[in-house]
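Asks: Got a sequence here, can you model it:
(one chain, ligands or ions: 1)
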Amino acid sequence: MVVEQLAPAQSLERKIRERTARVGVLGLGYAGLPMAVEIAAAGFEVTGLDVNRERVGAVNAGRSPVSDVDGSIVRDLTERDLLRATTDFDVLAELDAVIICVPTPLDDLKRPDLRYVRQATRDIAARLHPGMLVALQSTCSPGTTREILLPTLAEHAAERSLTVGDDYFVVFAPERIDPGNARYTVRNTPKLIGGVTPRCTELAGELYGGFIDQLVPVSSPEVAEMSKLVENTFRFINISFVNEMAQLCDRMGISVWEVVDAAASKPFAFMPHYPGAGVGGHCIPIVPFYLEAVAERNGLVAEMIEAAGRINDAMPEFAIAKLDRLLAERGIDPARARVVLLGVTYKRDVADLRESAALQVLGRLLAQGRAVSYHDPLIPSVGVEGRALRSAPLTAEALRGADGVILLTPHSAVDYDLVVEHAPLVLDTCNALKRYHSNHVVPL
Ligand SMILES: NC(=O)c1ccc[n+]([C@@H]2O[C@H](COP(=O)([O-])OP(=O)(O)OC[C@H]3O[C@@H](n4cnc5c(N)ncnc54)[C@H](O)[C@@H]3O)[C@@H](O)[C@H]2O)c1
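Replies: Numbering: from 1, shown residues only. Coordinates of the predicted model:
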């Protein structure tokens, strides 16, 4: 009998097409878990790898550790043996493809902190084998895939005489997920793929094409890495512009919200962005500083990013100053006012506190010794300014007892009829209550 010997690329391609490829997702967080779920739902056997035992335990128990992923889907996939999770990284030796979704925060000096990517790379490199595809999805600076991921893999590959593009395959394919966005999901958000070689891009395209509708192959990992930084920084800068306009409109006594909506009636060359008490989340406030570091390394001062950072950083203070002015106009001494903060997460209906501007507002009010409480249906307690606070029940009595409410994150589970009926003053930093047309509800 003649046993057919396939080259690693052909073998991987065949397994992907037959859905027998075993896929690993490293990092089961806001980016990794939705990806793991989508791949498993497409019929691949998926193993989630994480250093966090609780997350791993939750997935194996059929629960979702991420507010953005429905527990029933996780349960269904684990029951069908399409999804499992582990902290045992030796399983990497048996996987055909691995997708890296580990955190890439900033360090204390606002420089990219790649320690999780480096660790993940070492874990994979030690188990690299012929026919393995490695896709980095964590947000990284241009050059990370080729200069950090690849040399570590190549070192181990050399011991086994494996060559990238022939025996194993490496791509950068940035994560673009928008938690809480029901319209754009893993499946219908186009996927950028930049391989170290054209064959790497092709094979990653085979895999991603199994569960993502539209693929966008680009000529190199660097293009894909840079595109990710540019798309997030575009948002950061546009938000900073409208935040600056919010400050100007406030001085002029006109509504920035009406101005933006009016401008957005132009059917071309304008894209509405809306102001707020700051910019939060794991991506938008962080990624521009990756790009700034890239500019610096290339001898360019990224002036737009610096200015945008200053404007966005000033927004929590602007929101507090506006609240204080409104209180003073009503004859209330801001220093003695009782303030209720609504929503502390960085985004509506997402239980994620990372870089939350609402938390900054809360922290500043506490630091000023103000009488402040918060309500957030997704966050039962928070630690701010060295203090532990619990989410206070939102009752008519509590609202009537407050001098002012500041709405920072408009979760859909909050009873806004109750808020508008009983709060004497609401500063609405997201214009979420405009439908009430109430005199005591003031937009930012
Ligand atoms: N959250 C978003 O909205 C979003 C959007 C686009 C891109 N991204 C990018 O995706 C990446 C992941 O972000 P996230 O929001 O999912 O982070 P997260 O903190 O929600 O999840 C990361 C997970 O990785 C795990 N982890 C850390 N080190 C590990 C290791 N060495 N091996 C295995 N697991 C490890 C953590 O325990 C955690 O469960 C980041 O680069 C981020 O910039 C995130």
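
Asks: could you dump the strand or helix carrying residue 151 to PDB, C-alpha only?
Replies: If you go by DSSP states H and E, residue 151 is part of helix 150-159. Extracted in PDB, the C-alpha atoms of helix 150-159 (Å, rounded to 0.1, in the frame of the first residue of the first chain):
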ATOM      1  CA  LEU A 150       9.200  35.000  14.000                       C
ATOM      2  CA  PRO A 151      12.800  34.900  15.400                       C
ATOM      3  CA  THR A 152      11.600  33.000  18.500                       C
ATOM      4  CA  LEU A 153       9.700  30.500  16.300                       C
ATOM      5  CA  ALA A 154      12.500  30.300  13.800                       C
ATOM      6  CA  GLU A 155      15.100  29.500  16.600                       C
ATOM      7  CA  HIS A 156      13.100  26.400  17.500                       C
ATOM      8  CA  ALA A 157      12.200  25.700  13.900                       C
ATOM      9  CA  ALA A 158      15.900  25.600  13.000                       C
ATOM     10  CA  GLU A 159      16.500  22.800  15.400                       C
END
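
Asks: Tell me the helix or strand right after it.
Replies: Using DSSP H and E, the first helix or strand after helix 150-159 is strand 168-172.

Asks: got the buried residues for that next one?
Replies: By 16 or more other C-beta atoms under 10 Å, the buried positions in strand 168-172 come out as 168-172. Yep, even glycine has a C-beta here, placed from its N, CA and C like the rest.

Asks: name the helices or strands packed onto it?
Replies: On a contact count with 3 or more C-beta pairs under 8 Å, 6 or more residues apart in numbering; DSSP states H and E, strand 168-172 meets helix 8-17, strand 132-136, helix 150-159, strand 191-195, helix 198-208, helix 221-252.

Asks: Would you mind finding the most buried of these?
Replies: strand 132-136 (a mean of 28; mean count of other C-beta atoms under 10 Å).

Asks: Follow the chain on from that one and name the next helix or strand.
Replies: Following strand 132-136 in sequence, per DSSP H and E, is helix 144.

Asks: So is that following helix next to the ligand?
Replies: No. In terms of C-beta under 6 Å from any ligand atom, no part of helix 144 sits within range of the ligand; the closest distance is 10.5 Å.

Asks: Centre of the chain to that helix, how far?
Replies: Between the centre of helix 144 and the centre of its chain there are 19 Å (C-alpha atoms, centre = their mean, to the nearest Å).

Asks: Start at 6, not 1
Replies: All set: I'll call the first residue 6, so the last point we hit is now helix 149.

Asks: Could you give the average pLDDT over it?
Replies: Summarised as a single mean, pLDDT over helix 149 is 95.

Asks: Other residues contacting that helix?
Replies: Under the criterion C-beta atoms under 8 Å, 6 or more residues apart in numbering, residues 119, 122, 141, 177, 226, 230 lie in contact with helix 149.

Asks: OK, contacts around residue 350?
Replies: Contacts of residue 350 (C-beta under 8 Å, 6+ apart): 285, 356-358, 361, 363, 381, 383-384, 414, 416.

Asks: count of residues packed around the closest residue to it other than its chain neighbours?
Replies: Among residues not flanking residue 350 along the chain, residue 414 sits closest, at 5.3 Å (C-beta to C-beta, 6 or more residues apart in numbering). Neighbour count for residue 414, taken as other C-beta atoms under 10 Å: 28.

Asks: Local confidence estimate at residue 414?
Replies: So, for residue 414, pLDDT stands at 98.

Asks: helix or strand for it, which one?
Replies: Per DSSP H and E, there is no helix or strand for residue 414.

Asks: Hmm, it is touching residue 349, no?
Replies: Yes. Using C-beta atoms under 8 Å, residue 414 makes contact with residue 349 at a distance of 6.6 Å.

Asks: before we move on, back to that, contact partners for the residue nearest to residue 350?
Replies: 347-353, 361, 363, 381, 435.

Asks: Any chance of these in TSV with secondary structure, distance to the ligand and pLDDT as columns?
Replies: What follows is the contacts of residue 414, written out as TSV (DSSP: H, G, I helix; E, B strand; the rest coil; distance: C-beta to the nearest ligand atom, whole Å; pLDDT from 0 to 100):
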residue	secondary structure	distance to the ligand	pLDDT
347	strand	22	98
348	coil	18	98
349	coil	17	98
350	coil	12	97
351	coil	10	95
352	strand	9	94
353	coil	13	94
361	coil	13	96
363	helix	17	97
381	coil	18	98
435	coil	18	97
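
Asks: Could you give me the PyMOL selection string for whichever of these are buried?
Replies: To isolate the buried members of these in PyMOL, using 16+ other C-beta under 10 Å:
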select buried, resi 347+348+349+350+351+352+361+363+381+435
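
Asks: wait, which of the contacts of residue 414 is closest to residue 25?
Replies: Distances from residue 25 to those, taken as C-beta to C-beta, are shortest for residue 352 (38.0 Å).

Asks: and the closest one, what does it touch?
Replies: 184-185, 285-286, 414.

Asks: Of those residues - the most surrounded one?
Replies: residue 414 (28 neighbours).

Asks: if I look at that residue, how far off is residue 136?
Replies: Per C-beta to C-beta, to the nearest Å, residue 414 is found 46 Å from residue 136.

Asks: before we move on, back to that, return the member of the contacts of residue 352 nearest to the ligand.
Replies: For the contacts of residue 352, the residue nearest the ligand by C-beta to the nearest ligand atom is residue 184; the value is 4.8 Å.

Asks: Let's have the buried residues of strand 173-177 in TSV, adding distance to residue 83.
Replies: Converted to TSV, the buried residues of strand 173-177 look like this (distance: C-beta to C-beta, whole Å):
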residue	distance to residue 83
173	29
174	28
175	30
176	28
177	29
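
Asks: Within reach of the ligand, which of those are there?
Replies: Of the buried residues of strand 173-177, not one also sits near the ligand (C-beta under 6 Å from any ligand atom).

Asks: of all these, which comes closest to residue 21?
Replies: residue 174 (11.2 Å).

Asks: I'd guessed the closest one sits against residue 208; true?
Replies: Yes. Between residue 174 and residue 208 there is a contact under C-beta under 8 Å: 5.0 Å.

Asks: Now do the shared contacts for the two.
Replies: Shared contacts of residue 174 and residue 208, counting by C-beta under 8 Å, 6+ apart, come down to 14, 17, 138, 200.

Asks: quick one: which two of the residues you listed are the most distant?
Replies: 17 and 200 (13.1 Å).

Asks: so what sits against both of those two?
Replies: By C-beta under 8 Å, 6+ apart, the residues touching both residue 17 and residue 200 are 174, 208.

Asks: about what we covered before: overlap in contacts, residue 414 and residue 349.
Replies: 361, 363, 381.
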